[in-house]
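Chemist: No letters, just coordinates:
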């Protein structure tokens, strides 16, 4: 076939303009930037804007979608990102129910996904489907143990529980069932409420009647304030602990005096400046705080954005390794990226040190958690 000079020039221009698009790395993101989990999703979205635009010499595009705190929407977003946008990896979703719902879709497409939600059920027990899923937040097991250890040191012997009537609330309670008695703490009440409920009067009446020395609220975001407020209104004088899904300023603002004195197991990022100099999370936690607050204002940082930051650190570490095997946009690259994430060892992140394996898709240890107390409307390392 003979080609004219004009045809050759056109072909060269096409090749020059098409290659970068093929080489570009696409990261899909589905977050709860509206709905009950909005106070978690917004700092996550804000943090996406801080992640690197170039990794391993390749430009990176982040395609960000809102799932409205709805698990069905999270699945729809996941299928769009994998089937239409053909992303190389996914970050999200914000909540445990959403992340669990996404598992089939990410496994079917073979797309490595880093969840920003808490439950260990997202990655455990390991299976062919969960082999594609990773996570950055501390597990509910880690945080339940932090609560029980802290409470036991304070001499507490009984607890009541009120949590979401979803996967988060159930998974958090299941860990208390496993470990509370080991710490000498008896569970005397167990209640549930929905994230969109406006009253928990009946549940709190039952909790109050059981008279536990502490109440644990297994909920995330600002909806977690509801049972705490109802307990105050009933004159409850015991200790209150929360799930780690509340550690942001919106929770402090909405909770106000009703959460004063409460305890929360959370990310070291929340009290980064108070961490010892030799804490393994100190450097990355401070780097994240500086980057986030430079854009969003002093005091705006939260644990949830930090989980997104750590997802970015994991990808920035694994992508150059995967590029040695295959190019973005291919099944081979996604598989290589999954394998590179699994092979991550001793990576310092804003929550601690990550060392993953085929059976551990989180890789954090007990150094990745602290217990803070609400004092004067602020977080204080306890």
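Modeler: Great, that's in hand. Source: prediction; values computed, not measured.
Chemist: Only C-alpha atoms from now on, for both contacts and neighbour counts.
Modeler: Noted.
Chemist: Please report phi then psi for residue 260.
Modeler: In terms of degrees, to the nearest 10, the main-chain angles of residue 260 are phi -60, psi 130.
Chemist: Quick check, it in contact with residue 380.
Modeler: No. Taking contacts as C-alpha atoms under 8 Å, residue 260 lies outside contact range of residue 380: 11.3 Å.
Chemist: which stretches of this structure form helices?
Modeler: 5-23, 38-48, 71-79, 96-109, 140-153, 167-179, 201-210, 225-233, 249-255, 282-296, 303-322, 331-342 (DSSP state H).
Chemist: circling back to that earlier point, which neighbours do residue 260 and residue 380 have in common?
Modeler: residue 374 (C-alpha atoms under 8 Å, 6 or more residues apart in numbering).
Chemist: follow-up on the earlier one: so can I have a markdown table of the helices of the chain showing distance to residue 30?
Modeler: Below are the helices of the chain laid out as a markdown table (distance: least, C-alpha to C-alpha, whole Å):
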| stretch | distance to residue 30 |
| --- | --- |
| helix 5-23 | 22 |
| helix 38-48 | 9 |
| helix 71-79 | 7 |
| helix 96-109 | 10 |
| helix 140-153 | 22 |
| helix 167-179 | 18 |
| helix 201-210 | 33 |
| helix 225-233 | 25 |
| helix 249-255 | 21 |
| helix 282-296 | 20 |
| helix 303-322 | 12 |
| helix 331-342 | 18 |
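Chemist: lowest-confidence stretch among those helices?
Modeler: Ranked by mean pLDDT, these end with helix 5-23 in last place, scoring a mean of 44.
Chemist: and the protein, what are its domains?
Modeler: 5-138+290-365, 140-266 (automatic domain parsing).
Chemist: Need the distance between the two termini of the last one.
Modeler: When you say that, I think you mean domain 140-266. Chord length of domain 140-266, first to last residue, is 11 Å (C-alpha to C-alpha, to the nearest Å).
Chemist: what about the closest residue to residue 274 other than its chain neighbours, distance to residue 224?
Modeler: Leaving aside its sequence neighbours, residue 274 sits nearest to residue 381 (C-alpha to C-alpha, 6 or more residues apart in numbering; 7.1 Å). Per C-alpha to C-alpha, residue 381 is found 21 Å from residue 224.
Chemist: more crowded one of the two?
Modeler: residue 224 (24 against 19; other C-alpha atoms under 10 Å).
Chemist: Surely the more buried one touches residue 248?
Modeler: No. Checked against C-alpha under 8 Å, the pair residue 224 and residue 248 is beyond contact range at 11.9 Å.
Chemist: count of neighbours near residue 355?
Modeler: Residue 355: 18 surrounding residues under other C-alpha under 10 Å.
Chemist: Correction: the previous question concerned residue 28.
Modeler: 25.
Chemist: For residue 256, see how far away it is.
Modeler: 36 Å.
Chemist: One more: residue 104?
Modeler: Counting by C-alpha to C-alpha - residue 104 and residue 256 are separated by 40 Å.
Chemist: How about residue 376?
Modeler: 9 Å.
Chemist: Settle it for me: which of these two has more neighbours?
Modeler: residue 256 (16 against 12).
Chemist: tell me the contacts of the more buried one?
Modeler: residue 377.
Chemist: do the one 3 residues further on as well
Modeler: The neighbours of residue 259, taking C-alpha under 8 Å, 6+ apart as the test, are 225, 228, 229, 252, 374.
Chemist: Give me the neighbour count for the fourth one.
Modeler: Residue 252 has 21 neighbouring residues, counting by other C-alpha under 10 Å.
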